[in-house]
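*Asks:* Whatever this is, show me its structure:
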Amino acid sequence: MYCSTPPETQESKIDVRPLLEPRSIAVIGASRQPQTVGWLVFDNLLSGGYTGVVYPVNPHAHAIRGVRAYPTIEAIPDPIELAIITVPAPSVADVLESCGHQGVRAAIVISAGFKEIGPEGIAREERLRAIARRYRIALLGPNCLGLMNTDPAIQLNATFGQTMAQRGTIGFISQSGALCAAVLDYTRAHNIGLSKVISLGNKAGATEVDFLDYLWRDPHTTVILLYIEELSDGRAFLELAHRITSDTENPKPILALKAGRTIAGARAVASHTGSLAGSDEVYQALFKQAGVLRVETVEDLFEYALAFANQPIPKGSRVAIVTNAGGPGIMAADTCIQYGLEVPPVPQPERFRHQCHLPTHAGVTNPIDLIADARSERYACVLDALLYDPTFDALLILFVPIPTADIETIAQVIIDAARRRLKPIVACFMGVVDVGPAKAALRAAGVPCYDFPEDAARALAAMAWYARWRARPVTGYRTFDVRCTEATQLLESAQPNANGFIPEDIAFRILECYGFALLPWAVAHSPEQAAEVATQLGFPVALKVLSPDIIHKFDIGGVVLHVDSPESARRAFDQIHKAILEHSPGARFDGVLVQKMGERGHELILGVKRDEQFGPIVMVGLGGIYVEIFRDVAFRIAPLRERSAHLMLEETRAAALLRGARGQPPADIDTVAEYLLRLSQLSLEQPEIEELDINPLLVYPRGNGAVVVDVRIAVRRNDKTPL
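*Replies:* Take a look at the predicted model:
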């Protein structure tokens, strides 16, 4: 069965429009003291040109900056849509309660002193959350910088920052208020315009999902940027981000910078926001599934956004590089190839030379080297030819300042070419002083201009990645006819050990309920029974200890392979029992699992781990006893789309083996992909499962399927705490 939407979706629950488009604002804690937070917020609203009405609230002031002040919000005679709260943390909840009584629709809590400081702050924040829910107040914060809206109809600077954003079409959502402040300074210095700036703070109310939904529908935003330390609802984010990047009518690129990638970084995230950061592998899977472009630095976040905000998305990955110097052209070409772009040669180079009136010593391959004496006329002719050449999908224009060059005119030629919007154009004018005015003109006209060739190439690579995402075939969610109720009953009847692991024979039966093929098997509780069932299964067989207390059976002699007779089956049973008594005397011994030996095949590992933020995570990779050494695995968040299952396999080094290497036939990749989908379904339908490992899964040549050899399943413990 197929469906196009996931089994569970969660829409945005908080309407954040009153936060970003308020008609009236009360600043509770507005101050007469310059450079205090209460003074800065109120001053920014007035000096920033806010088009609505502002009411300062301060019981000790008659007026602030010439505007009548009110002792409480109850004293304001007019309805208030947004309250900005800057009072000390212990007083915030009472103030928010008063706002609720007065029908305030939204509140920004600037004040710090909540969950980021420990138990006392956590209790304060829980009270804020409860009040906001009770009165249906759209709450931003606490512990945040505030937000900005550069729409001239609103012109809102509801922050205590020193700088108002320059108007543009880039929306920025950040979990760090300090980073917001730095970004505002950076973007103004680099002539980068923003539509909205949102500092999330502790996210007691509105989260990144709520603002992401708003920016998707915002006509003034064309590209969305995120700085993430942790997500409040990873599954809701995944579904919404996928809809935004995949939408046929109003798609928008999403770029994300995720902090807390390392153990040290995750500790800092916890102390910064009082939140837990999910593993970086899970976030990587999330971004891949959602079509979110992950970047490594703040600079990349905004440099790439410049290209997305101002240039058309390329139709492919083929880049023409135009330069007036050989070295920068080579650097650009190397970076293009490194990041997955193509640099195809110019077709019919001599005809191109003649068409563009290029000198004989100009390079007409790709990069196209116009040589040092190139002036604007030469650039104009080449750009005109390349814009209409179907060989290329994007243009990268390099310029190194030469005394004889008409720099500003060359920049204007590039601007004129970009205005035709036939293909994306990015530029790199190397240098600072000589090329400064030209770079400023390019950026002002919407042509991304970078300092170095590598930067320009990476920006194009980012756009090409998004183009490939947009052009991908979209597959739905496939579900299978399984014995779900029987599997649930097996889990309920299982007796897990102290670590939550259930007996392997029950784990086998659960997999059979979900359509996995297993090697024939049976359980034996004595040497004679082992010989009997081995004979019934057919030799050779393997004997494996059945004990929920023993995870790594090989390490303690709990596995005997290639058993080829009844007598050797008896000896193997005794050998395993003796090894358990010797190496794990306290372990529970439930007999042995006798299993038919399978033919040799490619060994993979399939698995599930239930993540605190994202739910079940599905894994696949190179299996066998060295899985933890090679760590050749790929992850996705359940539920899986059909295409995701195949892409997971392609991301592993095992993919080359499965496709057929050194004369070996291709493996049955379709069966592995189907098993990943079945595993995804199992993980969603059996929420008591915390971990599941199939290792190895033996994969045979195409058309011959795959079989499970070993499996272990861990369930939630009785106290219901995660393993």
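
*Asks:* okay, CA-based contacts and neighbour counts for the rest of this
*Replies:* Fine.

*Asks:* Closest to the centroid, which residue in this protein?
*Replies:* Averaging the C-alpha coordinates of the chain gives a centre point, and the residue nearest to it by Cα atoms, centre = their mean is residue 287 (2.6 Å).

*Asks:* in the stretch 501-650 of the chain, which spans are strands?
*Replies:* In the stretch 501-650 of the chain, the strands defined using DSSP state E, counting those that start in this stretch lie at 521-524, 541-545, 559-563, 592-596, 602-611, 615-622, 633-637.

*Asks:* helices or strands up against the third one?
*Replies:* When you say that, I think you mean strand 559-563. With contacts defined as 3 or more Cα pairs under 8 Å, 6 or more residues apart in numbering; DSSP states H and E, the secondary structure elements packing on strand 559-563 are strand 541-545, helix 566-583.

*Asks:* okay if I get the ones you listed as TSV plus distance to residue 80, mean neighbour count and mean pLDDT?
*Replies:* Putting those into TSV (distance: least, Cα to Cα, whole Å; neighbours: other Cα atoms under 10 Å; pLDDT from 0 to 100) gives the following:
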stretch	distance to residue 80	mean neighbour count	mean pLDDT
strand 541-545	70	25	96
helix 566-583	72	19	95
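
*Asks:* Against residue 674, how distant is residue 480?
*Replies:* Taking Cα to Cα, to the nearest Å as the measure, residue 480 falls 10 Å from residue 674.

*Asks:* between these two, who's got more neighbours?
*Replies:* Here residue 480 and residue 674 are set side by side on neighbour count (other Cα atoms under 10 Å), and the busier one is residue 674, at 18 against 14.

*Asks:* right, and the secondary structure at the more buried one would be what?
*Replies:* With DSSP: H, G, I helix; E, B strand; the rest coil as the basis, the three-state label of residue 674 is helix.

*Asks:* Where does pLDDT dip in the stretch 501-650 of the chain?
*Replies:* Counting by pLDDT under 70, the stretch 501-650 of the chain has low-confidence residues at 625-626, 628-630.

*Asks:* Tell me where the stretch 101-250 of the chain has strands.
*Replies:* Using DSSP E, counting those that start in this stretch, strands in the stretch 101-250 of the chain cover 106-109, 138-140, 146-149, 156-159, 167-174, 194-199, 223-228.

*Asks:* Residue 299 is nearest to which of those strands?
*Replies:* Ranking the strands of the stretch 101-250 of the chain by distance to residue 299, with Cα to Cα as the measure, places strand 223-228 first at 11.9 Å.

*Asks:* what angle sits between the closest one and strand 167-174?
*Replies:* Here the directions of strand 223-228 and strand 167-174 differ by 20 degrees (axes from the mean of the first three to the mean of the last three Cα atoms, to 10 degrees).

*Asks:* Which secondary structure elements does strand 223-228 sit against?
*Replies:* Secondary elements touching strand 223-228 (3+ Cα pairs under 8 Å, 6+ apart): strand 167-174, strand 254-258, helix 298-310.

*Asks:* pretty sure residue 680 contacts residue 618?
*Replies:* Yes - counting by Cα atoms under 8 Å, residue 680 sits close enough to residue 618 to count as a contact (6.5 Å).

*Asks:* Please say which of these two ends up with more neighbours.
*Replies:* residue 618 (29 against 26).

*Asks:* tally of neighbours for the nearest residue to that one once chain neighbours are set aside?
*Replies:* Spatial nearest neighbour of residue 618, chain neighbours left out: residue 608 (4.6 Å); criterion: Cα to Cα, 6 or more residues apart in numbering. As a burial measure, the neighbour count of residue 608 was computed by other Cα under 10 Å and equals 27.

*Asks:* which residues does residue 608 contact?
*Replies:* Contact analysis of residue 608 by Cα atoms under 8 Å, 6 or more residues apart in numbering lists 616, 617, 618, 619, 679, 683, 690, 691, 692, 693.

*Asks:* For the fifth one, give its distance to residue 111.
*Replies:* Taking Cα to Cα as the measure, residue 679 falls 46 Å from residue 111.

*Asks:* what about those two, which has more around it?
*Replies:* Regarding residue 679 and residue 111, a neighbour count based on other Cα under 10 Å identifies residue 679 as having more, with 28 against 22.

*Asks:* Return the distance of that one relative to residue 166.
*Replies:* As for residue 679, its distance to residue 166 is 49 Å (criterion: Cα to Cα).

*Asks:* picking up where we left off before, right, so of the strands of the stretch 101-250 of the chain, which gets closest to residue 44?
*Replies:* Distances from residue 44 to each of the strands of the stretch 101-250 of the chain were compared using Cα to Cα; the shortest belongs to strand 156-159, at 5.8 Å.

*Asks:* what mean pLDDT does that closest one have?
*Replies:* Looking at strand 156-159 alone, the average pLDDT works out to 98.

*Asks:* From the contact counts, what lies against it?
*Replies:* Strand 156-159 is packed against helix 37-47, strand 146-149, with contacts defined by 3+ Cα pairs under 8 Å, 6+ apart.

*Asks:* mind listing what's buried in the first one?
*Replies:* Pointing back at helix 37-47 there. Counting neighbours by 16 or more other Cα atoms under 10 Å, one finds that the buried residues in helix 37-47 are 37, 38, 39, 40, 41, 42, 43, 44, 45, 46.

*Asks:* what sits against the residue nearest to the second one when sequence neighbours are not counted?
*Replies:* Looking back up the chat, that one is residue 38. Distances taken as Cα to Cα, 6+ apart place residue 30 nearest to residue 38, at 4.2 Å, with adjacent residues excluded. The contact partners of residue 30, by Cα under 8 Å, 6+ apart, come to 37, 38, 39, 41, 42, 56, 57, 58, 64, 86.
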